[in-house]
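**Q** Here's a sequence, model it:
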Amino acid sequence: MALREGIEPRKYQTEIAESALRHGNTLVVLPTGMGKTLIAVLVMEKKMHEGAILFLAPTKPLVNQHLKTIQEMLPGADAIAITGEISKTERKNLWKQHSIIIATPQTVESDLKIIDRSRFSLVIFDEVHRAIGKYAYAEVAQQFKLCSMILGLTASPGGKRAKIEEIRNTLGIVNIESRDHEDEDVKPYVKEMDVEWISVDERQEYIEIKKKLGELVDWYLNMVRHYGFSVYAKSRKAMIMAQQSMMRSRIKSKYHAMKYLSAAINLDFAHEMLEAQSMDAFLTYVDNLKTRETKGAQLLAKDGRLHEIVEFVKLHKVIHPKMQKLIDLIEADKTAKYIVFSQYTAQIEYLEKTLSLFGFRCSRFMGQRKGFTRKQQLEIIEQFRNNEFDILIASSIGEEGLDIPSVDYVIFYEPIPSEIRSIQRRGRAGRAKKGFVRILITKNTRDEASYNASQKKEKSMKRIIDKMKNEKEGGTAGPRKLTGTLKDFM
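**A** Alright, predicted model coming up:
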């Protein structure tokens, strides 16, 4: 089995594949759009002589995307996708019959008793930054790493050494290969990326409403203290930590305290919707509290003070300054293609409605948990590829893996503290030509903290990876300069 004629691996792709084959279990860290899949195929091409290949991807659409890519790169390959959509009885035979199997980790975990693991020479973990905690990657790696070579692929393994160590230990990694846009062997293939963060001033109406919400949060936290518990800071993280501590307490009054704390946490979410999203998103969030069964939500649904704030919002409703800036950005370049990322369903719906009213061609793109079927997701991507609309308004589903066409602009409606997600979002621009990234930040709000957190974690990730690449782990040396070529492994 050989690569399709016309496919010419880049030098760094060949060198990374050679390193993996020479050293064994390898973690590959490479920016989105720089060809991680081709590296995997280069390794597969050589390991197929030793046994079957298992290629893992976290979602069904991504599994099918990889199947298509492998079939294109390796014409005639005996490849098949296995997901939970196939009955277990049928899967039992498929595991025995095919040379290349692309599957979701959940399906593999479910089928461990019927899989002959000894027949696999290589297991590839795509989006391997997920291989932590109780995610299915961990159990699959545990079962396969003693008999198969492991290859992990990611654009970002995370900004904390403990997390990267967990990934390395879970997969039995002995070799790390990483590149970024500054490496000399990558630079010739990198398209220019113009990244700019744009600050906007918060309008006075928003400041007044936030003050009223803050006073209401204070009242609920005082009620928590009334029942004998304390919250060390007025932040969501501190409140959630206090909630966890209360659950372990034997004090009977904890149930009353937890009710008021739950209400305070809900108010903090409402505060974030107002501060970082829009008044419409805030109103939708508060309205949805009526349908929630938690005691904290029910307290708020009946709280006249929150009703007064809602009426004040309705009376003073104005467009969020970030929304106006987004409109201005798109107006300035109407011929471009955009992905606008936002975290919350209510805001995504509001963005679609508002941008449509301004005459822009746009469409929402969300996950299956939000009611979008796999078929709908693929149809939306195809419509975007065919230029049936110009602006894709996406939740986190648009960050990872899916074959979304390259765009001119990636716009963060709000910055996110996750370095992994920030890197993945940016990677959607600048694949075929110069790309533009715009990050909208409201001054003096949690937006600034989120942006600073992601920047700090990205820098930390690079330092940690660079250091770990040259460390010895368990007596096994890290990667060294190679003199051989892929031919040596045939």
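
**Q** tell me the strands in this protein, going along the chain?
**A** Assigned by DSSP state E, the strands in the chain fall at 26-29, 52-56, 79-82, 100-103, 120-125, 149-154, 175-178, 193-200, 338-341, 362-365, 391-394, 409-412, 435-442.

**Q** just the CA coordinates of the last one, formatted as PDB?
**A** Think strand 435-442. C-alpha atoms of strand 435-442 as PDB (Å, rounded to 0.1, in the frame of the first residue of the first chain):
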ATOM      1  CA  GLY A 435      -5.800  34.900   7.700                       C
ATOM      2  CA  PHE A 436      -7.200  37.400  10.100                       C
ATOM      3  CA  VAL A 437      -8.200  36.700  13.800                       C
ATOM      4  CA  ARG A 438     -10.100  39.300  15.800                       C
ATOM      5  CA  ILE A 439     -10.800  38.900  19.500                       C
ATOM      6  CA  LEU A 440     -13.500  41.100  21.000                       C
ATOM      7  CA  ILE A 441     -12.900  42.200  24.600                       C
ATOM      8  CA  THR A 442     -15.000  44.400  26.800                       C
END
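
**Q** Need the residues that contact it.
**A** Contacting residues not belonging to strand 435-442 are listed as 191-202, 275-276, 321-322, 325-326, 329, 406-415, 425-426, 429-430, 447-448, 451 [Cβ atoms under 8 Å, 6 or more residues apart in numbering]. In this view, the C-beta of every residue, glycine as well, is placed from N, C-alpha and C.

**Q** Reformat the strands of the chain as TSV; add mean neighbour count, mean pLDDT and distance to H316.
**A** Output for those, formatted as TSV (neighbours: other Cβ atoms under 10 Å; pLDDT from 0 to 100; distance: least, Cβ to Cβ, whole Å):
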stretch	mean neighbour count	mean pLDDT	distance to H316
strand 26-29	26	95	48
strand 52-56	26	96	51
strand 79-82	20	94	53
strand 100-103	26	96	53
strand 120-125	24	97	51
strand 149-154	26	96	45
strand 175-178	23	93	50
strand 193-200	14	90	18
strand 338-341	25	94	26
strand 362-365	21	92	27
strand 391-394	24	94	26
strand 409-412	24	93	27
strand 435-442	22	93	17
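
**Q** Can you tell me which of those strands is nearest to M258?
**A** M258 lies closest to strand 435-442 among the strands of the chain, at 31.5 Å (Cβ to Cβ).

**Q** Show me what the closest one pairs with in its sheet, parallel or antiparallel.
**A** Paired neighbours of strand 435-442 in the sheet (DSSP bridges): strand 193-200 (parallel), strand 409-412 (parallel).

**Q** Which of the strands of the chain sits closest to M223?
**A** Nearest to M223, of these and by Cβ to Cβ, is strand 435-442 at 29.8 Å.

**Q** How many neighbouring residues does the residue lying closest to S363 once chain neighbours are set aside have?
**A** In space, and not counting its chain neighbours, S363 is closest to F389: 5.1 Å by Cβ to Cβ, 6 or more residues apart in numbering. Neighbourhood size, F389 [other Cβ atoms under 10 Å]: 17.
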